[in-house]
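>>> Dropping the sequence and predicted coords here.
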2 protein chains.
Amino acid sequence: MNQAIEKVSSQLAFGGQQIRFKHQSQVLNCEMQFSVYLPPQAEHRAVPAVYWLSGLTCNDENFSSKAGAQRVAAELGLALVIADTSPRGEDVADDPDGAYDLGLGAGFYVNATEAPWKAHYQMYDYIVDELPALVEANLPLNQQRAISGHSMGGHGALVIGLRESKFSSISAFSPICHPTSCPWGQKAFGNYLGEDKASWRQYDAALLLQERSSAPPIMVDQGTADNFLEQQLDTEALIKANQLSGSGAQIRYQQGYDHSYYFIATFIEEHLRFHASNLN
Amino acid sequence: MNQAIEKVSSQLAFGGQQIRFKHQSQVLNCEMQFSVYLPPQAEHRAVPAVYWLSGLTCNDENFSSKAGAQRVAAELGLALVIADTSPRGEDVADDPDGAYDLGLGAGFYVNATEAPWKAHYQMYDYIVDELPALVEANLPLNQQRAISGHSMGGHGALVIGLRESKFSSISAFSPICHPTSCPWGQKAFGNYLGEDKASWRQYDAALLLQERSSAPPIMVDQGTADNFLEQQLDTEALIKANQLSGSGAQIRYQQGYDHSYYFIATFIEEHLRFHASNLN
C-alpha cells in the first residue's frame, strides 16, 4: 500500500501542530486530504489518537477550526485525526441533483456496492484501515485509538466503534442513530448499498447495539433544540437498543442545544476527557 | 437615534446565548449585522462587555465561530460584542478592483472624510458611540467595557482604546501597529482620509501611544511566524512607542505562531482574563 503523505499546511495551536495532509488513497481511488492535530507531547513520544468523523457537507476543516478541541487535546496529550466525509475529485460520482445528502460530502462511512458509487465510495474501509495505517506509519502515534463524530459522523463513529475492536472508546454528537429508518439513511443506503435492506443492518448503530451484550465505553450527546432530532436522528432508538443490550452507553439529552459546532465546542472537552480516561 | 435591533439567530453555547442581530445604522447609513455572546450570568444581572474588532475580509462570524472565546466568557461572566468590519450593502463604495484591503470588509475603524467613502465609512463613530449605545439599551450589559481585536481590528482596538476613556483595558492580536507607514494603512488612509497626512496620525497606535504619559492596561500578542509581521504590522514601532511613553503595555512575541485564528484561540483565554481583572 502506498503510504506516502504530503504536508499541505501546518500551523501552531496550543503549543502543538495543526497539520493538513494530502495523499493518494488506494481504497477510495482518488486524492484525499485530512487533518491531524499533534499535541506538544508528540515531540517526545508516540501519543494516542482520537479519530473524528464529520457530518454532511463538511470536510476536515470544520472540526479543526470550530470545535476548540486542540486546547484539551494539548492538555491530555491526544492527537486528533480528522477525516474528510467522502471521496473527492472530478471523476467521483455525485448526487445528480447536487443534493447535500448524497455523494460528495456525504459518504456515510459505508462501503458502496452499487454503481456508480462503488468505484470510490469505500469510506468504511478508508476510516477503519487505510487512514490509521497511514497516520501511524508517518506520524508519532501509538496504536491506541478512540473514535468520535458528529451527525453523519456520529453514525460513522458508533457503527465503526461497535464493529471494530481497534477503537477503545466511542463518542458521538447528534448521531444519526437509526439510519435504516430515517430519510437521510434510506436515501444514502438505497443508493450506496442497493435495495436489499439486509445489507443495511451492518451500518445501523441502533440495530448493531441492540444485538450486543457488551460494547466499548460509549458517550453520546444530543441537543434538544436540534432541528434534525425528530425526523433524522432518532436518539430514542439508540436509548432503547442500549437498554436491550445492557451495554451501559451514556446517552444524554442536552437541554436547548442545537445541531451546530457551538454544541460540539461546549461538550468536546468532556468527550476528550472520556476518551483519555479509556485510552490510558 | 434609532435603537431597534432585530435578532437574526440565537444558539446556545457554554450555557449562554450566541446571538446575531441586525439593525439600521444611523452612523453608517446602512443595515448592519453584529453578534453578541451573552454569558449565563446575564440571565440574572447586567454584565461587562469585551468589544471585538475583526481583521480584513472578516465579518462578525469569524471570531464567533473560530476563537473559542465563549468558554472563557461564560466562566468569567463577560459578554462579547463582535462587530462587522465595514459598512455593508449594494450602494456602499468598494475598492474599484475588488481588492480585499479597501472598502467592504476593510473599514479600518476610521471616519472617512473623502468621497465616495464618507457617505458610509464612519466605523470609528460606529464602534465608539452607536454600537455601545445600541447593545446597552437592548441587552443586559452594564457600562463596563474592554476592547480587543485582530490585525486591522487590533489596530482599531488600540486606537480606540487609547483615545476613548470608555474602555478600561485594551488588547490586540497581531495588530497593524503603525499604519501610517505600512502599505495596508497608507492605501486605506489615503483613500478614506485623503493625502493630508496630518489627519492620519489620530489613527496610528504607535504615534498615539508615544505621546501618552499613561494609558489603560494594554496586552498585545504577536506571532513570530506571521507572514504579515515585517511588511504590515511593525510591532517594533509599538514597542518603541511603549518605551518612550512609559505606559507599561505588555507586548509579547509568541514563538512560531502565525496570523490565523489558531493563534487567537491559543491566547484568547489570557486576554479575556486580563480584561476581566481590569473590569472588576
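That came through fine.
>>> quick one: which helix or strand includes the residue of the stretch 151-280 of chain A found nearest chain B?
When scored by Cβ to the nearest Cβ, the stretch 151-280 of chain A has residue A:262 as its residue closest to chain B, at 3.9 Å. No exception for glycine: its C-beta is placed from N, CA and C like everyone else's. Taking DSSP states H and E as the definition, one finds residue A:262 inside helix A:261-279.
>>> quick revisit: give the bridge partners for the residue nearest to the residue of the stretch 151-280 of chain A closest to chain B when sequence neighbours are not counted, please.
Excluding the flanking residues, the one nearest residue A:262 by Cβ to Cβ, 6 or more residues apart in numbering or on different chains is residue B:13, at 3.9 Å. Under the criterion DSSP bridges, residue B:13 forms beta bridges with residue B:16.
>>> Contacts only, for residue B:13.
Going by Cβ atoms under 8 Å, 6 or more residues apart in numbering or on different chains, residue B:13 touches A:262-263, A:265-266, B:37, B:70, B:74.
>>> and of the residues you listed, the nearest to residue B:180?
residue B:37 (33.6 Å; Cβ to Cβ).
>>> does the closest one really touch residue B:15, like I thought?
No: using Cβ atoms under 8 Å, residue B:37 is not in contact with residue B:15; the gap is 10.9 Å.
>>> Please identify which of those two sits among more neighbours.
residue B:37 (27 against 16; other Cβ atoms under 10 Å in any protein chain shown).
>>> Where does that one sit: helix, strand or coil?
For residue B:37, the assignment made with DSSP: H, G, I helix; E, B strand; the rest coil gives strand.
>>> How about residue A:28?
coil.
>>> quick one: it and residue A:126 touch, right?
Yes: with contact defined as Cβ under 8 Å, residue A:28 and residue A:126 form a contacting pair (5.4 Å).
>>> Neighbour count: these two, which is higher?
Higher neighbour count among residue A:28 and residue A:126: residue A:126, with 26 against 23, using other Cβ under 10 Å.
>>> Now the more buried one: closest residue in space that isn't a chain neighbour?
Here the residue nearest residue A:126, using Cβ to Cβ, 6+ apart, is residue A:27, at 4.7 Å.
>>> Over to residue A:28?
residue A:87 (4.2 Å).
>>> A strand includes that neighbour, no?
No: counting by three-state DSSP, residue A:87 is located in no strand; its state is coil.
>>> okay, it: pLDDT?
Here, the pLDDT recorded for residue A:87 equals 98.
>>> do you know how far the residue of chain A most remote from its centre is from chain B?
Within chain A, the residue lying farthest from the chain centre (Cα atoms, centre = their mean) is residue A:44, at 27.5 Å. Distance, residue A:44 to chain B, by Cβ to the nearest Cβ, to the nearest Å: 17 Å.
>>> just the strands in chain A please.
For chain A, applying DSSP state E gives strands covering A:6-13, A:16-25, A:30-38, A:47-53, A:79-82, A:141-150, A:170-173, A:218-223, A:250-254.
>>> tell me the most buried of those?
strand A:170-173 (a mean of 29; mean count of other Cβ atoms under 10 Å in any protein chain shown).
>>> That one: partners in the sheet, and parallel or antiparallel?
strand A:141-150 (parallel), strand A:218-223 (parallel).
>>> Residue A:119 is in contact with residue A:113, isn't it?
No: using Cβ under 8 Å, residue A:119 is not in contact with residue A:113; the gap is 11.3 Å.
>>> What is the end-to-end distance of stretch A:142-157?
20 Å (Cα to Cα, to the nearest Å).
>>> ok, now stretch A:190-203?
End-to-end distance of stretch A:190-203 (Cα to Cα): 12 Å.
>>> Flag every buried residue along it.
A:191-193, A:199-200, A:203 (16 or more other Cβ atoms under 10 Å in any protein chain shown).
>>> show me what contacts the closest residue in space to residue A:212 that isn't next to it in sequence?
In space, and not counting its chain neighbours, residue A:212 is closest to residue A:245: 4.9 Å by Cβ to Cβ, 6+ apart. Neighbouring residues of residue A:245 by Cβ under 8 Å, 6+ apart: A:209-215.
>>> ok so, going back, what's in contact with the helix holding residue A:262?
By Cβ under 8 Å, 6+ apart, helix A:261-279 touches A:48, A:50, A:62-63, A:66-69, A:72-73, A:76-78, A:144, A:146, A:148, A:150, A:168-169, A:171, A:173-174, A:216-217, A:219, A:221, A:223, A:226, A:254, A:257, B:11-15, B:18, B:65, B:68, B:70-71.
>>> tilt between that helix and strand A:218-223?
170 degrees (axes from the mean of the first three to the mean of the last three Cα atoms, to 10 degrees).
>>> Which residues of chain A lie near chain B?
A:11-15, A:18, A:65-66, A:68, A:70-71, A:223, A:225, A:256-258, A:260-263, A:265-266 (Cβ under 8 Å from any Cβ of the partner chain).
>>> mind running it again at 7 Å?
Within chain A, the positions lying close to chain B (Cβ under 7 Å from any Cβ of the partner chain) are A:11-14, A:18, A:65-66, A:68, A:71, A:225, A:256-258, A:260-262, A:265-266.
>>> now stretch A:155-169, how far from the chain's geometric center?
Here stretch A:155-169 is found 9 Å from its chain centre; the criterion is Cα atoms, centre = their mean, to the nearest Å.
>>> Show the end-to-end separation of that stretch, please.
Stretch A:155-169 end-to-end distance (Cα to Cα) = 14 Å.
>>> contacting residues around the residue nearest the centre of chain A?
Nearest to the geometric centre of chain A sits residue A:53, at 2.2 Å (Cα atoms, centre = their mean). With contact set as Cβ atoms under 7 Å, 6 or more residues apart in numbering or on different chains, residue A:53 has these partners: A:83, A:109, A:127, A:149, A:153, A:156-157.
>>> pLDDT added to those residues, as CSV?
Output for the contacts of residue A:53, formatted as CSV (pLDDT from 0 to 100):
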residue, pLDDT
A:83, 98
A:109, 98
A:127, 98
A:149, 98
A:153, 98
A:156, 98
A:157, 98
